[in-house]
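In: Turn this into a structure:
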Amino acid sequence: APARHAALAGGSERILVVEDDPQVRAGVVRQLASLGYTVDEASDGAAGLAAFAAASPPYDLLLTDVVMPGALGGKALADEVKRRWPGTPVVFMSGYNEEAVGPDGRLEAGIHLLAKPFRKRDLARMIRAVQTRKA
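Out: Okay, here's the model as predicted:
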């Protein structure tokens, strides 16, 4: 008999995906939607911030690329979201190593990073872990 895979834990939270690469963004949005999440998307930090400001109710989680073109990169976007909507969990996606995130070359405590490319199950686990911690 074929091995049975445990069902991936999903949820119904609202997630904003901010990613400048259209193919990566579409793939992540598709994965999250298949897990039951309500997903919106933005192509850069400025569009992501505008989406957060317009969202009612607010998003439950921000999933953002670290390195993006424009004045508002992933880290700056996350900082602004946390300032304006405290308690909003943030998960970073990066094709670079963790050194790219912190100002001194270190990830700050409480930063969640998914290294690209990642599998759907890695994404599912990370989102559930962050949401569980928030509750």
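
In: is it true that Met93 touches Val66?
Out: Yes. Counting by CB atoms under 8 Å, Met93 touches Val66, with 7.1 Å between them. In short, each C-beta sits where N, CA and C put it, glycine included.

In: tell me, what's touching the two both at once?
Out: Leu113 (CB atoms under 8 Å, 6 or more residues apart in numbering).

In: If you count surrounding residues, which of the two has more?
Out: A direct count of neighbours by other CB atoms under 10 Å for Met93 and Val66 places Met93 higher, at 25 against 20.

In: Quick check: that one is in a strand.
Out: Yes. Remark: Met93 belongs to a strand, assigned using DSSP: H, G, I helix; E, B strand; the rest coil.

In: just use 650 as the starting number from now, easier for me
Out: Let's use 650 as the start, then, which means that last one is Met742.

In: Identify the residues contacting the residue lying closest to Lys765 once chain neighbours are set aside.
Out: Among residues not flanking Lys765 along the chain, Gly744 sits closest, at 4.3 Å (CB to CB, 6 or more residues apart in numbering). Gly744 is in contact with 716, 764-766, counting by CB under 8 Å, 6+ apart.

In: make it 10 Å
Out: 670, 673, 714-716, 764-766 (CB atoms under 10 Å, 6 or more residues apart in numbering).

In: What subset of the residues you listed is buried?
Out: The neighbour-count test (16 or more other CB atoms under 10 Å) marks 673, 714-715 as buried among these.

In: still on that earlier bit, list the ones among the contacts of Gly744 that fall in strands.
Out: Counting by DSSP state E, the contacts of Gly744 place 714, 764 in strands.

In: Tabulate the contacts of Gly744 (JSON lines), appending distance to Leu698 and pLDDT.
Out: Below are the contacts of Gly744 laid out as JSON lines (distance: CB to CB, whole Å; pLDDT from 0 to 100):
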{"residue": "Asp670", "distance to Leu698": "19", "pLDDT": "95"}
{"residue": "Val673", "distance to Leu698": "20", "pLDDT": "95"}
{"residue": "Asp714", "distance to Leu698": "14", "pLDDT": "93"}
{"residue": "Val715", "distance to Leu698": "16", "pLDDT": "89"}
{"residue": "Val716", "distance to Leu698": "17", "pLDDT": "87"}
{"residue": "Ala764", "distance to Leu698": "25", "pLDDT": "87"}
{"residue": "Lys765", "distance to Leu698": "22", "pLDDT": "88"}
{"residue": "Pro766", "distance to Leu698": "26", "pLDDT": "89"}
